[in-house]
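[1] take this sequence and fold it.
(4 chains, ligands or ions: 8)
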There are 4 protein chains.
Amino acid sequence: MRLLFLGDMVGRSGRTAVWEQLPALRNDLNLDFVVVNGENAAGGFGITQDILHRTLEAGADVVTTGNHVWDQREALEWASYEQAFLRPVNFPKGTPGRGASVFVARNGARVLVMNIMGRVFMSPDLDDPFAAAERELAACPLGEQADAALIDFHAEATSEKMCFGHFVDGRASLVVGTHTHCPTADHQILNGGTAYLSDAGMCGDYDSSLGMDKEEPLNRFLSKVPKGRFEAAGGPATICGVGVEISDRTGLADKVAPLRIGPRLEETIPPFWR
Amino acid sequence: MRLLFLGDMVGRSGRTAVWEQLPALRNDLNLDFVVVNGENAAGGFGITQDILHRTLEAGADVVTTGNHVWDQREALEWASYEQAFLRPVNFPKGTPGRGASVFVARNGARVLVMNIMGRVFMSPDLDDPFAAAERELAACPLGEQADAALIDFHAEATSEKMCFGHFVDGRASLVVGTHTHCPTADHQILNGGTAYLSDAGMCGDYDSSLGMDKEEPLNRFLSKVPKGRFEAAGGPATICGVGVEISDRTGLADKVAPLRIGPRLEETIPPFWR
Amino acid sequence: MRLLFLGDMVGRSGRTAVWEQLPALRNDLNLDFVVVNGENAAGGFGITQDILHRTLEAGADVVTTGNHVWDQREALEWASYEQAFLRPVNFPKGTPGRGASVFVARNGARVLVMNIMGRVFMSPDLDDPFAAAERELAACPLGEQADAALIDFHAEATSEKMCFGHFVDGRASLVVGTHTHCPTADHQILNGGTAYLSDAGMCGDYDSSLGMDKEEPLNRFLSKVPKGRFEAAGGPATICGVGVEISDRTGLADKVAPLRIGPRLEETIPPFWR
Amino acid sequence: MRLLFLGDMVGRSGRTAVWEQLPALRNDLNLDFVVVNGENAAGGFGITQDILHRTLEAGADVVTTGNHVWDQREALEWASYEQAFLRPVNFPKGTPGRGASVFVARNGARVLVMNIMGRVFMSPDLDDPFAAAERELAACPLGEQADAALIDFHAEATSEKMCFGHFVDGRASLVVGTHTHCPTADHQILNGGTAYLSDAGMCGDYDSSLGMDKEEPLNRFLSKVPKGRFEAAGGPATICGVGVEISDRTGLADKVAPLRIGPRLEETIPPFWR
Ligand SMILES: [Fe+2]
Ligand SMILES: [Fe+2]
Ligand SMILES: [Fe+2]
Ligand SMILES: [Fe+2]
Ligand SMILES: [Fe+2]
Ligand SMILES: [Fe+2]
Ligand SMILES: [Fe+2]
Ligand SMILES: [Fe+2]
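    Ligands and ions are numbered 1, 2, ... in the order given. Take a look at the predicted model:
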């Protein structure tokens, strides 16, 4: 089974690149399941229902999010009924929407997708991500109710990400980090069979600060006085993510490799899909 | 001119891998200048004079550090006279040792090397890294007193790293991040000619948490109660870093690519050096 | 009913002052119930079983703690059977000891005592303190299973403390903050009848940094390089806390005032007890 | 010499209380010099020129600020020429306005007033507050160019505040903390003669969260999802601060005591001024 995850779409540049390229990718690479993080899709801040729909139409099966999930307040209204939309599972009880759900892939596989937020250097303070994962995996174990399991672990600190990967190793197909907007090169299959990547990177303009126009962020580092708003960078986007070949038998990962397409970074397609 | 930077050596596994492989790398790749970050070389915490010497003997021209620089307290004694040792330049006045210096490469080039610590999510709180860079670059401008300039920017947050890169773009040959112990895949040459990589990754065992045995870090995430000490992981190390081809004429970067050698990550050598 | 709470005992100076003065205070002020925070009683770091026992012998009914609770690792062993010892209730399930319990006061009243840790600027990251309080208060409501309820809210940020106070207003007799080691002067009875004080302050030497010898903390602020260990300051202690007159009928607060006895701060005894 | 410092005015309620009461206080208590922190005077966020002027007209000699100083962006325009306005001195070079200056008191004394921001748990990251104080005190030493020296140390952590107090002990008349909006009761004269109070508290409605309407802050602690904006609480304000009797001979403190006037907290006037 072929699973593709794409990191945080940032602004118009990032989401447009995904919308334009995902249909062909889905087809050419023969993908069974696609997840995209959309927490920064609306000008860098949150996501609208329209953007959600267009991302699904482009070929995403699920859209995950993170700390920016509610930046567009309209999301609070439709989160509960948009089945393909996930917000971090460790928000308090009563939060609109869901953080984990099972989806059916193109090949018929049942895929558990979970969106969890880390706590180190993160805001707001959410409930224990490790306990949350334990609970969700117990409710829908890989090899029983799920044929594959993907966790988008939205977090800042590498230590928390790596420890989380080891924690669920053997119980998930893929743990992929998001939030730093910087693709890491540490993709590997952990000892228990879980594919791991510390961060997928973003789908956005890499001539920027995290996909945002660099002028204002740089101004704040230099002057400590805000001059304007943060705005999404408008240059051409590079889409970044990770591909996993999942065993139909075990639900664990056979192969993992990054995908990067665009003008600034070294381009790559998972070699096992070329 | 060929410059290689290797990320934080972690513990015996990491430093041994560097010591064993650097001599051949230096020779085979015909390297002119090598910098290695050594802040975690002694069991994960700081560096001893003996480790410093052996790293230099293995082929490093300079050893940089970071927030862990003084974990081995002996470093406070020899930091001032070990010419090839750098600690973050933005420690307060009066701190032993230096944070920036000019070195002569094998090809005769004068290389300014600077070690700077970021402030976002970092401890201790040091002086403004942007102002520090401005000062050092003004004192020894690329193209005048320096034929090349390398900055090891030791920091957590991608935003600070990227903004720093843009800030010195055109004034340094390479800005390479360290500290997260996770190699990033965003190597690029910025608009002004500076090679950039958000994090070099570590030289250490990647079946771990940041190169440390994963048991105790994972225990702390789960139980919130310390059980033992943090110890360096003992498995075989992967060495991670970045290679830059620097223009002899401008001191800026012509090419940049990662280097990763070892058992866990996807191996790569800068293609322009193969 | 007369309830006295004393803030974090720091080191020998702090605990000795409490041991020496509490018996007389208990008698002279005719106290019905006494709670003391002991998280820094052992040299500034944690608490031993011997210190716990001597504090109880001196007249404390309950000893609460905070983030330093396990600094003396022996506490992990006896926490489960020492009935008068509380650790923050929002540690993960499976943590030794208890975070809330009902005790019988000298006047026969059943007093619910709860120890909770905040999350803003605090480490380690514990579970939601608001949800934890909700759960405990539901399990043992004031006016039903409890005749009085005291919450030691161990936290850094005033905002979290004040919001917590409002959250349980009308459902607890007293919310008193600890952790900053600095007595606040904002004692008041909230609209619903809960007595509130942002921080009780410490029982320790106020010619110090948080009760610790000021030399090393100051050195670290100045030099950013550790020189030695943190050690409890040895000068004479001021004991700090808060007294509450609780209605026997409602369990809510009739009166609240600070208590401070010692050489450095302005001394005061709750006027309604003089 | 009689010096009064009032903590952060919060919103209309806080500033109005100061404007109404300061003229009489100034007269009745025969004050020589008055400093008020105004960083939250405009709806909780920053200060306008009009509010600055009215505060000066009410009897303040100087208005200090803190992290919120530029929340009203107009302040960037007039900061440079409003002589009685201070922003934290450790903003980067080039920041509008001044952070320290000498003023002439009603009794003719030259008073150095300094506004400094701490770094622990604070944002933005400013330059070293200890080094900044050292520099300013060296430029205008107490007993030489200054007859009195007041430092408004705007910071979160008690440890940083206490260490700062010890650092300048004997070189300033008063170190008073601001920012937590919670009055502390640890006023004392340090060993070297400097009056010290960890936090002056705010001038605002104490039935609130930091002077802000408590509904939205509480909502965020509970739900982790913003519902609305933060707005200043509208109930009657309590004004909080500290009075110091300064020796005309040494410029050091003879006496120190808090001042609190208003409906929620225990009222007090420095006894030596009654
Ligand atoms: Fe993001
Ligand atoms: Fe994020
Ligand atoms: Fe490191
Ligand atoms: Fe580091
Ligand atoms: Fe404490
Ligand atoms: Fe504490
Ligand atoms: Fe304030
Ligand atoms: Fe503030």
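[2] which parts of the stretch 51-200 of chain A sit against chain D?
    Residues of the stretch 51-200 of chain A that fall close to chain D, judged by C-beta under 8 Å from any C-beta of the partner chain: A:W70, A:L76, A:F91, A:P92, A:G94, A:T95, A:P124, A:D125, A:L126. In this view, the C-beta of every residue, glycine as well, is placed from N, C-alpha and C.
[3] isn't the second one right up against A:P96?
    Yes - here A:L76 lies in contact with A:P96, judged by C-beta atoms under 8 Å, at a distance of 5.3 Å.
[4] check what pLDDT the residue of the stretch 101-250 of chain A found nearest ligand 3 gets.
    Here the residue of the stretch 101-250 of chain A nearest ligand 3 is A:T158; by C-beta to the ion that distance is 10.2 Å. As predicted, A:T158 sits at a pLDDT of 97.
[5] contacting residues around it?
    A:S198, B:T180, B:H181, B:C182, B:L210 (C-beta atoms under 8 Å, 6 or more residues apart in numbering or on different chains).
[6] tell me the phi and psi of A:R110?
    phi -90, psi 120 (degrees, to the nearest 10).
[7] ok, it to ligand 5 distance?
    50 Å (C-beta to the ion, to the nearest Å).
[8] do A:G204 as well
    44 Å.
[9] can you list the residue ranges for helices in chain A?
    A:11-28, A:49-57, A:75-78, A:129-139, A:158-168, A:215-223 (DSSP state H).
[10] is it possible to export the ones you listed to a markdown table including distance to D:A257?
    A markdown table is the format used below for those (distance: least, C-beta to C-beta, whole Å):
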| stretch | distance to D:A257 |
| --- | --- |
| helix A:11-28 | 56 |
| helix A:49-57 | 59 |
| helix A:75-78 | 49 |
| helix A:129-139 | 48 |
| helix A:158-168 | 47 |
| helix A:215-223 | 40 |
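[11] just those: most buried one?
    helix A:158-168 (a mean of 25; mean count of other C-beta atoms under 10 Å in any protein chain shown).
[12] does ligand 2 sit close to that one?
    No - contact check for helix A:158-168 against ligand 2, using C-beta under 5 Å from the ion: none in range, with a minimum separation of 12.9 Å.
[13] separation between the closest residue to A:G192 other than its chain neighbours and ligand 2?
    Among residues not flanking A:G192 along the chain, A:G170 sits closest, at 2.8 Å (C-beta to C-beta, 6 or more residues apart in numbering or on different chains). From A:G170 across to ligand 2, the span is 27 Å (C-beta to the ion).
[14] my guess is A:G170 contacts A:T250. True?
    No - applying C-beta under 8 Å, one finds A:G170 not in contact with A:T250, separated by 9.5 Å.
[15] so what sits against both of the two?
    Counting by C-beta under 8 Å, 6+ apart, the residues touching both A:G170 and A:T250 are A:G193.
[16] which among the residues of the stretch 51-200 of chain A next to chain D end up buried?
    A:W70, A:L76, A:F91, A:P92, A:T95, A:P124, A:D125, A:L126 (16 or more other C-beta atoms under 10 Å in any protein chain shown).
[17] which residue is most remote from the mean position of chain A?
    A:S223 (32.8 Å; C-alpha atoms, centre = their mean).
[18] any idea how far B:C163 is from the closest residue to that residue other than its chain neighbours?
    Distance criterion C-beta to C-beta, 6+ apart; nearest residue to A:S223, sequence neighbours excluded, is D:P92 at 6.2 Å. To B:C163, D:P92 is 15 Å away according to C-beta to C-beta, to the nearest Å.
[19] what's the answer for A:F167, then?
    33 Å.
[20] swap in A:M9?
    In terms of C-beta to C-beta, A:M9 sits 21 Å off from B:C163.
[21] and A:I151, by the same measure?
    A:I151 is 30 Å from B:C163, by C-beta to C-beta.
[22] now the buried ones among the residues of the stretch 51-200 of chain A next to chain D as a markdown table including distance to ligand 2 and pLDDT?
    As requested, these are exported to a markdown table (distance: C-beta to the ion, whole Å; pLDDT from 0 to 100):
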| residue | distance to ligand 2 | pLDDT |
| --- | --- | --- |
| A:W70 | 12 | 98 |
| A:L76 | 18 | 98 |
| A:F91 | 14 | 98 |
| A:P92 | 18 | 96 |
| A:T95 | 17 | 98 |
| A:P124 | 12 | 96 |
| A:D125 | 14 | 95 |
| A:L126 | 12 | 96 |
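[23] just name the closest of those residues to D:E267, please.
    A:D125 (36.3 Å; C-beta to C-beta).
[24] so who does that closest one touch?
    Applying C-beta under 8 Å, 6+ apart, the residues near A:D125 are A:R119, C:R119, C:V120, C:D125, C:D128, D:K224.
[25] again, 6 Å this time
    Residues counted as contacts of A:D125 (C-beta atoms under 6 Å, 6 or more residues apart in numbering or on different chains) are C:R119.
[26] also A:G118?
    By C-beta under 6 Å, 6+ apart, the neighbours of A:G118 are A:P129, A:A155, A:E160.
[27] check whether stretch A:238-253 comes near ligand 1.
    No - judged by C-beta under 5 Å from the ion, stretch A:238-253 stays clear of ligand 1, getting no closer than 11.9 Å.
[28] identify all contacting residues around that stretch.
    A:1, A:3-7, A:17-18, A:142-143, A:147-148, A:173-174, A:176, A:183, A:189, A:193, A:195, A:197, A:200-201, A:203, A:206, A:254-262, A:264-265, A:270, A:272-273.
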